[in-house]
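Participant: pasting the sequence and the predicted model now:
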Amino acid sequence: MVPYGNARMESGKVSCQHGEEECEGNRWEQCAIAHYPDASDYFPFYYCMESEGDRMLHNVKKCASDANLDYGILSTCYNGAESEELQKKAAAMTPSDHQYVPWVLINGVKSPSDGDNILEEVCSAYTGEAPKAVRVAGEVEGLETLLRLENGSSGARSTKVVV
(Lines give C-alpha, C1' and ligand atoms only; values in the text may rest on other atoms or scores of the structure.)
Protein backbone atom coordinates (compact mmCIF):
# COMPACT_ATOMS: atom_id res chain seq x y z
CA MET A 1 0.00 0.00 0.00
CA VAL A 2 1.34 3.39 -0.95
CA PRO A 3 -0.90 6.23 0.27
CA TYR A 4 -0.01 8.90 -2.27
CA GLY A 5 -2.70 8.98 -4.96
CA ASN A 6 -2.24 11.54 -7.71
CA ALA A 7 0.00 13.75 -5.60
CA ARG A 8 3.02 15.37 -7.20
CA MET A 9 6.39 16.37 -5.79
CA GLU A 10 7.20 19.96 -6.76
CA SER A 11 10.34 21.69 -5.48
CA GLY A 12 10.65 19.18 -2.66
CA LYS A 13 7.05 19.72 -1.47
CA VAL A 14 4.11 17.40 -2.03
CA SER A 15 1.00 18.79 -3.69
CA CYS A 16 -2.10 16.57 -3.50
CA GLN A 17 -4.81 16.41 -6.15
CA HIS A 18 -7.58 16.98 -3.60
CA GLY A 19 -5.76 19.52 -1.44
CA GLU A 20 -3.86 19.66 1.82
CA GLU A 21 -6.31 17.45 3.75
CA GLU A 22 -5.59 14.58 1.35
CA CYS A 23 -1.86 15.07 1.97
CA GLU A 24 -2.49 15.04 5.72
CA GLY A 25 -4.44 11.78 5.48
CA ASN A 26 -1.66 10.28 3.38
CA ARG A 27 0.89 11.27 6.04
CA TRP A 28 -1.08 9.59 8.85
CA GLU A 29 -1.40 6.42 6.77
CA GLN A 30 2.27 6.51 5.77
CA CYS A 31 3.26 6.79 9.44
CA ALA A 32 1.09 3.79 10.32
CA ILE A 33 2.68 1.72 7.56
CA ALA A 34 6.21 2.81 8.55
CA HIS A 35 5.76 2.03 12.25
CA TYR A 36 3.56 -1.04 11.85
CA PRO A 37 4.90 -2.59 8.61
CA ASP A 38 2.92 -5.83 8.89
CA ALA A 39 -0.25 -5.40 6.82
CA SER A 40 -2.30 -7.17 9.48
CA ASP A 41 -1.31 -4.33 11.84
CA TYR A 42 -1.62 -1.22 9.65
CA PHE A 43 -4.45 -2.27 7.34
CA PRO A 44 -7.27 -1.92 9.92
CA PHE A 45 -6.10 1.68 10.52
CA TYR A 46 -5.85 2.39 6.78
CA TYR A 47 -9.28 0.87 6.16
CA CYS A 48 -10.84 2.87 9.01
CA MET A 49 -9.31 6.12 7.75
CA GLU A 50 -10.45 5.56 4.17
CA SER A 51 -13.92 4.51 5.34
CA GLU A 52 -14.24 7.86 7.13
CA GLY A 53 -13.83 9.70 3.81
CA ASP A 54 -13.78 13.49 4.25
CA ARG A 55 -13.98 13.02 8.04
CA MET A 56 -10.83 10.93 8.31
CA LEU A 57 -8.75 13.70 9.91
CA HIS A 58 -11.37 14.04 12.67
CA ASN A 59 -11.15 10.33 13.40
CA VAL A 60 -7.43 9.56 13.50
CA LYS A 61 -7.44 8.76 17.25
CA LYS A 62 -10.52 6.56 16.87
CA CYS A 63 -9.01 4.69 13.92
CA ALA A 64 -5.71 4.22 15.77
CA SER A 65 -7.56 2.93 18.84
CA ASP A 66 -9.81 0.63 16.81
CA ALA A 67 -6.72 -0.78 15.03
CA ASN A 68 -4.77 -1.16 18.31
CA LEU A 69 -2.06 1.23 17.11
CA ASP A 70 -0.36 3.66 19.50
CA TYR A 71 -1.67 7.12 18.60
CA GLY A 72 1.38 8.69 20.31
CA ILE A 73 3.74 6.90 17.94
CA LEU A 74 1.69 7.94 14.92
CA SER A 75 1.40 11.52 16.15
CA THR A 76 5.16 11.85 16.75
CA CYS A 77 5.79 10.60 13.23
CA TYR A 78 3.10 12.81 11.69
CA ASN A 79 4.21 15.98 13.48
CA GLY A 80 7.92 15.46 12.88
CA ALA A 81 10.33 15.47 9.97
CA GLU A 82 9.75 11.74 9.50
CA SER A 83 6.40 12.31 7.77
CA GLU A 84 8.07 14.59 5.20
CA GLU A 85 10.58 11.83 4.45
CA LEU A 86 7.78 9.30 4.16
CA GLN A 87 6.03 11.57 1.64
CA LYS A 88 9.21 11.60 -0.46
CA LYS A 89 9.50 7.82 -0.16
CA ALA A 90 5.86 7.40 -1.27
CA ALA A 91 6.52 9.70 -4.23
CA ALA A 92 9.48 7.55 -5.26
CA MET A 93 7.43 4.34 -4.89
CA THR A 94 4.52 5.63 -6.99
CA PRO A 95 4.99 4.87 -10.69
CA SER A 96 5.46 8.13 -12.56
CA ASP A 97 3.42 6.75 -15.46
CA HIS A 98 0.31 5.94 -13.40
CA GLN A 99 -2.75 7.46 -15.03
CA TYR A 100 -5.40 7.16 -12.31
CA VAL A 101 -6.02 5.64 -8.91
CA PRO A 102 -6.15 3.05 -7.65
CA TRP A 103 -3.11 1.94 -9.67
CA VAL A 104 -2.80 -1.67 -8.59
CA LEU A 105 0.45 -3.53 -9.21
CA ILE A 106 0.93 -7.23 -8.52
CA ASN A 107 4.60 -8.24 -8.57
CA GLY A 108 5.35 -4.99 -10.37
CA VAL A 109 2.79 -5.64 -13.13
CA LYS A 110 -0.36 -3.52 -13.51
CA SER A 111 -3.53 -5.36 -12.59
CA PRO A 112 -5.54 -5.94 -15.78
CA SER A 113 -8.77 -5.45 -13.83
CA ASP A 114 -7.57 -2.39 -11.85
CA GLY A 115 -8.08 -4.46 -8.72
CA ASP A 116 -11.67 -5.51 -9.45
CA ASN A 117 -10.48 -9.14 -9.55
CA ILE A 118 -7.70 -8.69 -7.01
CA LEU A 119 -8.17 -11.99 -5.20
CA GLU A 120 -8.07 -14.02 -8.41
CA GLU A 121 -5.07 -12.09 -9.74
CA VAL A 122 -3.06 -12.36 -6.52
CA CYS A 123 -3.85 -16.07 -6.19
CA SER A 124 -2.83 -16.62 -9.80
CA ALA A 125 0.46 -14.76 -9.29
CA TYR A 126 1.30 -16.49 -6.01
CA THR A 127 3.71 -19.43 -6.40
CA GLY A 128 4.10 -20.66 -2.80
CA GLU A 129 1.80 -22.66 -0.56
CA ALA A 130 -1.57 -20.92 -0.49
CA PRO A 131 -1.94 -18.80 2.66
CA LYS A 132 -5.22 -18.60 4.55
CA ALA A 133 -6.34 -15.42 2.71
CA VAL A 134 -6.09 -17.28 -0.58
CA ARG A 135 -7.81 -20.41 0.74
CA VAL A 136 -10.63 -18.48 2.43
CA ALA A 137 -11.86 -15.69 0.14
CA GLY A 138 -13.96 -14.11 2.89
CA GLU A 139 -10.79 -13.25 4.83
CA VAL A 140 -9.95 -10.49 2.34
CA GLU A 141 -13.41 -8.98 2.05
CA GLY A 142 -12.13 -5.76 3.66
CA LEU A 143 -9.47 -5.33 0.98
CA GLU A 144 -11.94 -5.93 -1.82
CA THR A 145 -14.39 -3.49 -0.21
CA LEU A 146 -11.63 -0.88 0.17
CA LEU A 147 -10.61 -1.18 -3.47
CA ARG A 148 -14.23 -0.71 -4.56
CA LEU A 149 -14.58 2.25 -2.19
CA GLU A 150 -11.39 3.86 -3.48
CA ASN A 151 -12.22 3.23 -7.10
CA GLY A 152 -15.48 5.12 -6.79
CA SER A 153 -14.57 7.91 -4.37
CA SER A 154 -13.40 11.39 -5.28
CA GLY A 155 -10.58 11.19 -2.74
CA ALA A 156 -9.14 7.94 -4.11
CA ARG A 157 -5.61 6.97 -3.27
CA SER A 158 -2.97 4.95 -5.05
CA THR A 159 -2.90 1.33 -3.97
CA LYS A 160 0.09 -0.87 -4.65
CA VAL A 161 -0.32 -4.57 -3.91
CA VAL A 162 2.84 -6.65 -3.85
CA VAL A 163 2.85 -10.42 -3.46
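Facilitator: Received, thanks. Given the structure is predicted, the values throughout are model-derived calculations rather than measurements.

Participant: can you list contacts of the longest helix along the chain?
Facilitator: When the chain is parsed with DSSP state H, its longest helix is helix 20-35. With contact meaning C-beta atoms under 8 Å, 6 or more residues apart in numbering, helix 20-35 is reached by 1, 3-5, 7, 14-16, 42, 45-46, 49, 54, 56-57, 60, 64, 67, 69, 73-74, 77-78, 82-83, 86-87, 89-90, 155, 157. C-beta: built from backbone N, CA, C; applies to glycine.

Participant: can you do 7 Å?
Facilitator: By C-beta atoms under 7 Å, 6 or more residues apart in numbering, the list of residues contacting helix 20-35 from outside reads 1, 3-5, 7, 14, 16, 42, 45-46, 49, 56-57, 60, 69, 73-74, 77-78, 83, 86-87, 90, 155.

Participant: now do that helix: distance to the chain's middle.
Facilitator: Averaging C-alpha positions (C-alpha atoms, centre = their mean, to the nearest Å) puts helix 20-35 9 Å from its chain's average.

Participant: tell me the mean pLDDT for the following helix or strand past it?
Facilitator: Next in sequence after helix 20-35, counting helices and strands by DSSP states H and E, comes helix 39-52. The average pLDDT within helix 39-52 is 93.

Participant: by contact count, what packs against helix 39-52?
Facilitator: helix 20-35, helix 60-66, helix 141-152 (3 or more C-beta pairs under 7 Å, 6 or more residues apart in numbering; DSSP states H and E).
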